[in-house]
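In: Quick one: sequence and predicted model below, then my questions.
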Amino acid sequence: AQTIHQWPVAEIKAVGSPLSLGCTIKGKSSPNLYWYWQATGGTLQQLFYSITVGQVESVVQLNLSASRPKDDQFILSTEKLLLSHSGFYLCAWSLGGENTLYFGAGTRLSVL
Amino acid sequence: GDQVEQSPSALSLHEGTGSALRCNFTTTMRAVQWFRKNSRGSLINLFYLASGTKENGRLKSAFDSKERYSTLHIRDAQLEDSGTYFCAAEDWTNYNVLYFGSGTKLTVEP
């Protein structure tokens, strides 16, 4: 059975500090991978997607970057956090064709 | 986002009754998905539709791409159906990008 694991579960970080959030999918080969973000009280927005290892497409510019170093791993990062980066980050996967999305448990980020 | 308008934003039902949630799209969409938020804030997929209708238990969803809307019907609502429901649509220009509605908070009361 496929599993999706996100880490960390929650983070409290200072403005200007670096950030790295991770997502691992097991049990599926070559999934499409996605990062989503929701500000408190806001609508869920797609940030990035990746169809294959090493290739990442940006959807919304939020001074964040993403990488896919392995087939089953998707990383979201920034070197300098802003207050506006606070929120809930969700990783998701799908298979090509019918893009039914399956989400991870999420990471809650507070930037102070 | 702006491409998806979800209504109502909040809905209150008595146990055993039913209602419908609706998403209108500003453009023709390739497919729609419906999700429910779980207790931790993550999303559980309820339906994926490229056309027509699908049913699962007391939930039924419909998608009309030409008329630019999708609905999620809940019948015989139970207390455990309470929660927040979201629709999300992929358009024809890039189906790897999903546009989410703002959610409907459903409260089922005894």
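Out: Noted; the coordinates are in hand.
In: burial count for residue 70?
Out: Picked chain A for this. Other residues lying near residue A:70 total 11 when counted by other CB atoms under 10 Å in any protein chain shown. Glycine gets a C-beta too; all of them are placed from N, C-alpha and C.
In: That was the other one, I meant chain B.
Out: By other CB under 10 Å, the residues close to residue B:70 number 29.
In: so where does it fall, helix or strand?
Out: Applying DSSP states H and E as the criterion places residue B:70 in strand B:69-74.
In: got the angle for the next helix or strand after that strand vs strand B:69-74?
Out: Of the helices and strands lying after strand B:69-74 in sequence (DSSP H and E), the nearest is strand B:83-91. Orientation of strand B:83-91 against strand B:69-74 (axes from the mean of the first three to the mean of the last three CA atoms, to 10 degrees) gives an angle of 150 degrees.
In: now the strands for chain B?
Out: Taking DSSP state E, the strands of chain B run over residues B:4-7, B:10-14, B:19-25, B:29-37, B:43-49, B:52-56, B:59-64, B:69-74, B:83-91, B:98-100, B:104-109.
In: Residue A:49: which of those strands is closest?
Out: Each of the strands of chain B has some distance to residue A:49 by CB to CB; the shortest is strand B:98-100, at 9.0 Å.
In: sorry, back to before: just send the strands of chain B back as a markdown table, with distance to chain A too.
Out: Supplementary listing: the strands of chain B in a markdown table, determined by distance: least, CB to the nearest CB, whole Å:
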| stretch | distance to chain A |
| --- | --- |
| strand B:4-7 | 9 |
| strand B:10-14 | 14 |
| strand B:19-25 | 12 |
| strand B:29-37 | 6 |
| strand B:43-49 | 4 |
| strand B:52-56 | 12 |
| strand B:59-64 | 13 |
| strand B:69-74 | 15 |
| strand B:83-91 | 6 |
| strand B:98-100 | 4 |
| strand B:104-109 | 12 |
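In: can you tell which of those is closest to residue A:25?
Out: Checking the strands of chain B against residue A:25 by CB to CB gives strand B:43-49 as the closest, at 15.0 Å.
In: Name the residues that touch the closest one?
Out: Contacts to strand B:43-49, defined as CB atoms under 8 Å, 6 or more residues apart in numbering or on different chains, come from residues A:44, A:90, A:98-103, B:31-38, B:54, B:56, B:59, B:61-63, B:70, B:72, B:85-86.
In: mind listing what that strand pairs with, with the direction of each?
Out: strand B:29-37 (antiparallel) (DSSP bridges).
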